[in-house]
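Trainee: Sequence plus the predicted model coming up.
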Amino acid sequence: MVSLPIEKVRALVSGRHKSGKNAKAARKVTEVPEYSPGLVIYTDGACEPNPGIGGWSFVVYRDGEEIHHECGGDLNATNNTMEMTAALMALRWFAGRGIVEPVKILSDSQYTVKGCNEWRIGWKRKGWKRGPDKPLANSDLWKSLDEALTAVPVRLYWVKGHIGVKGNERADELAEVGRQSVIEYPEQNPITQQLTYSV
């Protein structure tokens, strides 16, 4: 867990550190139909350049109200590893709360959604390989996701990114906050940092 000055956390979470395409996307957020009732978690990952410095996040909503979010970053990442990490951290958060209610987890990464819902079963059967002599990229993360999904059997859903879905845009914004936290405070933890906020 990163201990940042409260002013810095407020600045990061408020989005004052956004730049480039993320700033433009944030300005273009439009309202779309309200969230599903119950517990809904949006996840997102970002990496710039790819591979390079990455960030991940998840945002938890209950009946359309944000109740929790987390974000973090990694100095050596890819878009895919950050998308997967976001889903993994969301699953671990959900499992750790002992919540007994349905949950809907949404990601704009088809790689993560299809990997979790379909592909991992075959990869596991093949010893975490794509086939004979075909190593599986990100196998450690896939194993961790498999373990989390075995403990909390939920299905992930795909949501199109950057079209104004408020929860997805919020997760995108926080993934950039996570990425920036690694850039701005690398001495606190050289590999991964995490910011947490709960209402």
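Mentor: Alright, I've got the coordinates.
Trainee: Just the buried positions in the lengthiest strand in the chain, please.
Mentor: Secondary structure of the chain per DSSP state E: the longest strand is strand 65-77. Buried residues in strand 65-77, counted by 16 or more other C-beta atoms under 10 Å: E66, H68, H69, E70, C71, G72, G73, D74, L75, A77. Bear in mind the C-beta positions are built from the backbone N, C-alpha and C, glycine included.
Trainee: Give me the helices and strands touching that strand, please.
Mentor: strand 52-62, helix 79-96, helix 166-184, strand 192-198 (3 or more C-beta pairs under 8 Å, 6 or more residues apart in numbering; DSSP states H and E).
Trainee: For the last one, what does the pLDDT average out to?
Mentor: pLDDT averaged over strand 192-198 equals 54, rounded to a whole number.
Trainee: Nearest to V40, out of the helices and strands packed on strand 65-77?
Mentor: Closest of these to V40 is strand 52-62, at 4.7 Å (criterion: C-beta to C-beta).
Trainee: residues in contact with the nearest residue to R179 once chain neighbours are set aside?
Mentor: Leaving aside its sequence neighbours, R179 sits nearest to G55 (C-beta to C-beta, 6 or more residues apart in numbering; 3.0 Å). Counting by C-beta atoms under 8 Å, 6 or more residues apart in numbering, G55 makes contact with 45-47, 71-74, 82, 174-182.
Trainee: repeat that with 6 Å
Mentor: When contacts are counted by C-beta atoms under 6 Å, 6 or more residues apart in numbering, G55 touches A46, G73, A175, E176, G178, R179.
Trainee: just C47 next, same as before
Mentor: C47 makes contact with G54, A77, T78, N79, M82, according to C-beta under 6 Å, 6+ apart.
Trainee: Kindly report the same for M84.
Mentor: Shown in contact with M84 (C-beta under 6 Å, 6+ apart): T112, L141.
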